[in-house]
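Q: Any chance you could fold what I've pasted below:
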Amino acid sequence: MSNGTRKAPVTLSPSRLAHVVLRTSNLKEMSPFYKTFLGGEAQVESDQVAFITYDDEHHRLALVQRSDLQKLPPKSCGLDHVAFGFDNIESLLKAYSQRKEHGVTPVWCVHHGLTISMYYRDPDGNVLETFVDAFDDPEKQNAYMTSKDFVENPIGVDFDPEDMLRRVQSGESKESIHKRPNIGPRDLSTVPLF
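A: All right, here's what the predicted structure looks like:
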């Protein structure tokens, strides 16, 4: 594992990650799913493409319909998931509750230590993460990554989102909610994703 020091870049870094494009043979299900999941709208939508945005970017997600596609075999190499961040735990849980009202529920909720995360699957099986940072200070976040707790268990501790919602609604302190319980080492084979 790296000690977290960053070397000078070999090439100029981009200023931002702008969008993700997904190929699908299921645009009729994928487009409504993503508009609901992201709280977004289609800038352009046809039977071949959907360009979806949820902020000031012209599109954050594009879906391209292809009838000749095959599903990736399980445990194949490639992109694992796309992550969407929230500013605070209240917003993460509000989005969770709103998605749940539309029948969209997470397949895995885990407090990684760095983030409190909820993972979902879209109709094609792609994995999406929604999260909130557990640390407000990047230096503390970087220090946590080199801590014994994180090195011993970089996966995290599963949680029940309804329990997390109750904890927040009861007024439990942010510090208490953001602190990951220490359960010792965790084997990657116990994780429902990855």
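Q: Residue 43 looks like it's in a strand, true?
A: Yes. Assignment of residue 43 by DSSP: H, G, I helix; E, B strand; the rest coil places it within a strand.
Q: That one and residue 52 touch, don't they?
A: Yes. Proximity of residue 43 to residue 52 meets the contact threshold set by C-beta atoms under 8 Å, at 7.2 Å. (Glycine included, C-beta is placed from N, CA and C.)
Q: which of these two has more neighbours?
A: residue 52 (22 against 14; other C-beta atoms under 10 Å).
Q: Check which helix or strand the more buried one maps to.
A: In this assignment (DSSP states H and E), residue 52 forms part of strand 49-53.
Q: got the residue ranges for the helices in this protein?
A: Taking DSSP state H as the criterion, the chain carries its helices at 27-38, 89-101, 138-145, 148-152, 161-169, 174-178.
Q: And the fifth one, how far out from the chain middle?
A: Looking back up the chat, that one is helix 161-169. Mean C-alpha position of helix 161-169 versus that of the full chain (C-alpha atoms, centre = their mean, to the nearest Å) differs by 19 Å.
Q: what does it contact?
A: Residues outside helix 161-169 that contact it (C-beta atoms under 8 Å, 6 or more residues apart in numbering): 89, 90, 93, 96, 97, 106, 109, 116, 118, 176, 177.
Q: Not counting sequence-adjacent ones, nearest residue to the residue nearest the centre of the chain?
A: Nearest residue to the geometric centre of the chain (C-alpha atoms, centre = their mean): residue 129, 1.4 Å. In space, and not counting its chain neighbours, residue 129 is closest to residue 83: 4.0 Å by C-beta to C-beta, 6 or more residues apart in numbering.
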